[in-house]
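1. My questions are about this predicted structure, shown below with the sequence.
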Amino acid sequence: MPLRDYQTEIDDWLQNYKQPYWTPLSQLARLVEEVGELSRAYNHKYGEKIKKDSEAPDDIEGEMGDVLFGLICMANDEGLDLDRAIQGAISKAKTRDKDRFEKK
């Protein structure tokens, strides 16, 4: 499914609320919080941070979903097209970085 479809689905749902989107800085704070939770999960899996026995299992996939949800909300609030954004990022990586790393 294109990102535009996710953007539409989330916006349609959020439009049922009096204030569909938080203020921009609150949205950014939430995104940073979600990235922090993803970082913690990665640190438990790959880093030196030992998980406490009382902590729930990490859900890297779920944390990535939360990050995407936050980004989609921010894009919707700004009127941005994430399909165009990701295509631009891919194009930039394929041209700027095409000879940067060793190839197989």
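-> Perfect, thanks for sending it.
2. shouldn't P20 be in contact with L14?
-> Yes - applying C-beta atoms under 8 Å, one finds P20 in contact with L14, separated by 3.9 Å. Quick note: C-beta positions are derived from backbone N, CA and C, even for glycine.
3. how about the helices in the protein?
-> According to DSSP state H, the chain carries its helices in the segments 3-14, 24-46, 60-78, 82-96.
4. so how far is D11 from D5?
-> 11 Å (C-beta to C-beta, to the nearest Å).
5. typed the wrong thing, it's A75
-> A75 is 10 Å from D11, by C-beta to C-beta.
6. Over to C73?
-> From C73 across to D11, the span is 9 Å (C-beta to C-beta).
7. Looking at those two, which is more packed in?
-> Remark: of C73 and D11, C73 carries more neighbours, 20 against 16, as counted by other C-beta atoms under 10 Å.
8. Pull the contacting residues for the more buried one.
-> Going by C-beta atoms under 8 Å, 6 or more residues apart in numbering, C73 touches I10, L14, Y21, W22, Q27.
9. and the nearest residue to the third one once chain neighbours are set aside, how many neighbours does it have?
-> In other words, Y21. Excluding the flanking residues, the one nearest Y21 by C-beta to C-beta, 6 or more residues apart in numbering is D77, at 4.2 Å. Neighbour count of D77, defined by other C-beta under 10 Å: 16.
10. D77 touches S26, doesn't it?
-> No - using C-beta under 8 Å, D77 is not in contact with S26, being 10.5 Å away.
11. ok, and for stretch 55-65, which residues are buried?
-> Buried residues in stretch 55-65, counting neighbours by 16 or more other C-beta atoms under 10 Å, are found at D58, E63.
12. what's the first-to-last distance across it?
-> 20 Å (C-alpha to C-alpha, to the nearest Å).
13. Show me how far it is from its chain's centre.
-> With C-alpha atoms, centre = their mean, to the nearest Å as the basis, stretch 55-65 stands 13 Å off its chain's centre.
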